[in-house]
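Peer 1: Below are the sequence and a predicted model; questions follow.
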Amino acid sequence: LKGESAGDPCGQLFKRYQLCVQKAIKEKDIPIEGLEFMGPSKGKTENSS
């Protein structure tokens with residue numbers, strides 16, 4: 001998980017969430033190699049006029 005936590009009111013919450021997800025990935029031995037991550041523009045087709 002990537003993101004900026006400095007200067008954002010939700011920064012501390014995001015940091016805790018990030019650590020929780022990383023811990024779960026390690027504990028459950030979830031393979032993350034080769035996964036495709038969707039960004040805000042991937043997988044969506046937007047037609048704006």
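Peer 2: Great, that's in hand. As the structure is a computational prediction, the values presented were derived from the model and not from experiment. Numbering: from 1, shown residues only.

Peer 1: distance of residue 34 from residue 14?
Peer 2: 25 Å (C-beta to C-beta, to the nearest Å). Using the backbone N, CA and C atoms, a C-beta is placed for each residue, glycine as well.

Peer 1: Settle it for me: which of those two has more neighbours?
Peer 2: Legend: neighbour count by other C-beta atoms under 10 Å for residue 34 and residue 14, higher for residue 14 (14 against 5).

Peer 1: Isn't that one up against residue 20?
Peer 2: No: here residue 14 does not reach residue 20: they are 10.6 Å apart, not a contact under C-beta atoms under 8 Å.

Peer 1: Residue 11: neighbour count?
Peer 2: 13.

Peer 1: do residue 15 as well
Peer 2: Residue 15 sits with 14 neighbouring residues when counted by other C-beta under 10 Å.

Peer 1: element containing it?
Peer 2: helix 11-27 (DSSP states H and E).

Peer 1: what is the rounded mean pLDDT of that helix?
Peer 2: On average, the pLDDT along helix 11-27 is 90.

Peer 1: and it, C-alpha only, in PDB?
Peer 2: C-alpha atoms of helix 11-27 as PDB (Å, rounded to 0.1, in the frame of the first residue of the first chain):
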ATOM      1  CA  GLY A  11      -2.700  10.000   8.000                       C
ATOM      2  CA  GLN A  12      -2.500   8.100  11.300                       C
ATOM      3  CA  LEU A  13      -5.500   5.900  10.400                       C
ATOM      4  CA  PHE A  14      -4.000   5.100   7.000                       C
ATOM      5  CA  LYS A  15      -0.600   4.200   8.600                       C
ATOM      6  CA  ARG A  16      -2.400   1.800  11.100                       C
ATOM      7  CA  TYR A  17      -4.400   0.300   8.200                       C
ATOM      8  CA  GLN A  18      -1.200  -0.200   6.200                       C
ATOM      9  CA  LEU A  19       0.600  -1.900   9.000                       C
ATOM     10  CA  CYS A  20      -2.400  -4.100   9.700                       C
ATOM     11  CA  VAL A  21      -2.600  -5.200   6.000                       C
ATOM     12  CA  GLN A  22       1.200  -5.900   5.900                       C
ATOM     13  CA  LYS A  23       0.900  -8.000   9.100                       C
ATOM     14  CA  ALA A  24      -2.100 -10.000   7.700                       C
ATOM     15  CA  ILE A  25      -0.200 -10.700   4.500                       C
ATOM     16  CA  LYS A  26       2.800 -12.100   6.500                       C
ATOM     17  CA  GLU A  27       0.700 -14.100   8.900                       C
END
